[in-house]
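J.: coords please:
(one chain, ligands or ions: 1)
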Amino acid sequence: MLIRSQDKDFLPPPASEITPRAVWQQRRQLLRLAAIAGGASLAPWASQAAERPGKLAALPGARSSLPGATTPEPLTPYADVTGYNNFYEFGTDKADPARQAHRLKTRPWSVQVDGLVGKPRSFAIEDLLKLAGMEERIYRLRCVEGWSMVIPWVGYPLAELLKQVQPLGSAKYVEFVSQADPSTMPELRAGVLDWPYTEGLRLDEAMHPLTLLAFGLYGEVLPNQNGAPLRLVVPWKYGFKSAKSLVRIRLVEQMPRTSWNLAAPREYGFYSNVNPEVAHPRWSQANERRLGEPGGLFAKRRPTQPFNGYAAQVAQLYTGMDLHRFY
Ligand code: MTE
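T.: Reported below is the predicted structural model:
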């Protein structure tokens, strides 16, 4: 993002964090063979069911049947999903969150949901985990820096939570605020961004069924570096809209200021829909590198799709808007 290009920053996470690729491949192969031996016909994604890495507490989710909620593309390996992160509160290097985020204290945890709502309320994480049925959704995540991943998230639509507090007619936007605790987050002192990390969506974007409140990935609770104990995932927008480790959700009338927009308004707009036609002022957004693919840095880049491939589901939210102006 504002900081540096990502590729040269990559440092592998500690070996203890990684399930060796050979082990993964072997497990997948075994699953495939078992399915064939059992006479099962393989659905396109059956061979890549999000197998638990066995590192954190289980958080199962039924595979979502919502159109667009599951891409058949191969999953990005767990080691990349959890070892190559942006979580600036823990450092600006891609390997910092995996090294530092063990300091985050995820219990006790509560989320204040307030602002222009009929029933403002603080939700304990234990209640949030039970609020709606957990689903597994396989989303592409496209970072504004030009890389992408395919991640099996576990969570439920943010709309399920917003319904609970009864948004008022005057609420037009939703502001999302991440945890900012100087005693556990070393980078808060550095002032890279205006803390707490703050993001925003229009209310209709927030209520869209693809907008996910995620509590887990790969069938387990979220690793701290991915935004434990709960985060937002908005698959048609650049990754920075998906704020991690949420503590407050506020419904408001005016478009909220967001951390990245405050830091560099010309570079990071409020909407930040993935758009191959609108270049970042310093680099193209026309294509992307899929992390974890064979070939590493030299793997062929793939074309970026409008709305990150979710146009059929979300393009109508922006009918009549000039997406070059509202970037
Ligand atoms: N949320 C907080 N609180 N702090 C951050 O630095 N980084 C964002 C987003 N959410 C960030 C954040 C960016 S730039 C991206 S690309 C995604 O988280 C990365 O999510 P991942 O590390 O789980 O892949």
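
J.: Excluding sequence neighbours, find me the nearest residue to the closest residue to the ligand within the chain.
T.: Closest to the ligand within the chain is Gly239: 2.6 Å, counting by CB to the nearest ligand atom. Heads up, the C-betas are built off the backbone N, CA and C, glycines and all. Distance criterion CB to CB, 6 or more residues apart in numbering; nearest residue to Gly239, sequence neighbours excluded, is Cys143 at 4.3 Å.

J.: same check, this time on Phe123
T.: Val111 (5.1 Å).

J.: Any idea how many residues pack against that neighbour?
T.: By other CB atoms under 10 Å, 21 other residues sit near Val111.

J.: does it really touch Arg231, like I thought?
T.: No: judged on CB atoms under 8 Å, Val111 makes no contact with Arg231 at a distance of 11.0 Å.

J.: before we move on, back to that, my read is the residue nearest to Phe123 is in a strand, agree?
T.: Yes: going by DSSP: H, G, I helix; E, B strand; the rest coil, the assignment for Val111 places it inside a strand.

J.: let's have the chain start at 48 instead
T.: Fine by me, first position is 48 from now on; the one you just mentioned is Val158.

J.: List the residues that contact it.
T.: If a contact means CB atoms under 8 Å, 6 or more residues apart in numbering, then Val158 has Ser169, Phe170, Ile172, Leu175, Leu277, Leu293, Val294, Arg295, Ile296 as its contacts.

J.: now, which of these lie within strands?
T.: Secondary structure from DSSP state E places Ser169, Phe170, Leu293, Val294, Arg295, Ile296 of the contacts of Val158 in strands.

J.: Throw together a PyMOL command that grabs the buried residues out of the residues you listed.
T.: Applied in PyMOL, the following selects the buried portion of those according to 16 or more other CB atoms under 10 Å:
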select buried, resi 170+293+294+295+296
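
J.: what about Ala362, which SS state?
T.: Going by three-state DSSP: Ala362 is helix.

J.: For it, give me the pLDDT.
T.: At Ala362, the model reports a pLDDT of 98.

J.: residues near the spatially closest residue to it that is not a sequence neighbour, how many?
T.: Counting by CB to CB, 6+ apart, Phe354 is the residue found nearest to Ala362 once chain neighbours are left out, at 6.1 Å. Residues lying near Phe354 (other CB under 10 Å) number 22.

J.: do the one 3 residues further on as well
T.: Each residue near Tyr357 was counted by other CB under 10 Å, and the total is 24.

J.: My read is that it contacts Val280, right?
T.: No: look at Tyr357 against Val280 with CB under 8 Å: they stay out of range, at 11.8 Å.

J.: Skipping adjacent residues, who's closest to the residue nearest in space to the middle of the chain in space?
T.: Centroid-nearest residue in the chain: Val280, 3.9 Å away (criterion: CA atoms, centre = their mean). Spatial nearest neighbour of Val280, excluding adjacent residues (CB to CB, 6+ apart): Leu259 at 4.3 Å.

J.: now do Gly266
T.: Arg99 is the one closest to Gly266 (CB to CB, 6+ apart), at 4.3 Å.

J.: picking that back up, look up the residues that both of Val158 and Arg278 are in contact with.
T.: Leu293.

J.: Tell me, how many residues neighbour the residue nearest to Gly266?
T.: Applying other CB under 10 Å, we find 13 residues neighbouring Arg99.

J.: list the contacts for it?
T.: Arg99 touches Ala105, Tyr265, Gly266, Glu267, counting by CB under 8 Å, 6+ apart.

J.: quick one, what contacts the first one?
T.: Think Ala105. Per CB under 8 Å, 6+ apart, neighbours of Ala105: Arg99, Gly266, Glu267.

J.: 10 Å instead, please
T.: Arg99, Val201, Gly263, Gly266, Glu267, Val268 (CB atoms under 10 Å, 6 or more residues apart in numbering).

J.: Can you pull the residues of the stretch 198-347 of the chain lying near the ligand?
T.: Ser225, Tyr244, Asn273, Gly274, Gly286, Phe287, Ser289, Ala290, Lys291, Ser292 (CB under 6 Å from any ligand atom).

J.: can you do 8 Å?
T.: With the criterion set to CB under 8 Å from any ligand atom, the stretch 198-347 of the chain comes near the ligand through 198, 225-226, 240, 243-244, 246, 264, 272-274, 278-279, 285-292, 306-307.

J.: Next step: those restricted to helices.
T.: Using DSSP state H, the subset of these located in helices is Ser306, Trp307.

J.: could you point out where the chain is predicted with low confidence?
T.: 49-96 (pLDDT under 70).

J.: Can you list the residue ranges for strands in it?
T.: With DSSP E as the criterion, the chain has strands spanning 109-110, 157-162, 168-171, 182-189, 194-204, 220-225, 245-249, 259-264, 267-268, 278-280, 293-299, 334-337, 349-350.

J.: ranking those strands by burial, who's on top?
T.: Between those, strand 259-264 has the highest mean count of neighbours, a mean of 26, where neighbours are mean count of other CB atoms under 10 Å.

J.: what's that one packed up against?
T.: On a contact count with 3 or more CB pairs under 10 Å, 6 or more residues apart in numbering; DSSP states H and E, strand 259-264 meets helix 125-130, helix 172-177, strand 182-189, strand 194-204, helix 205-212, strand 278-280.
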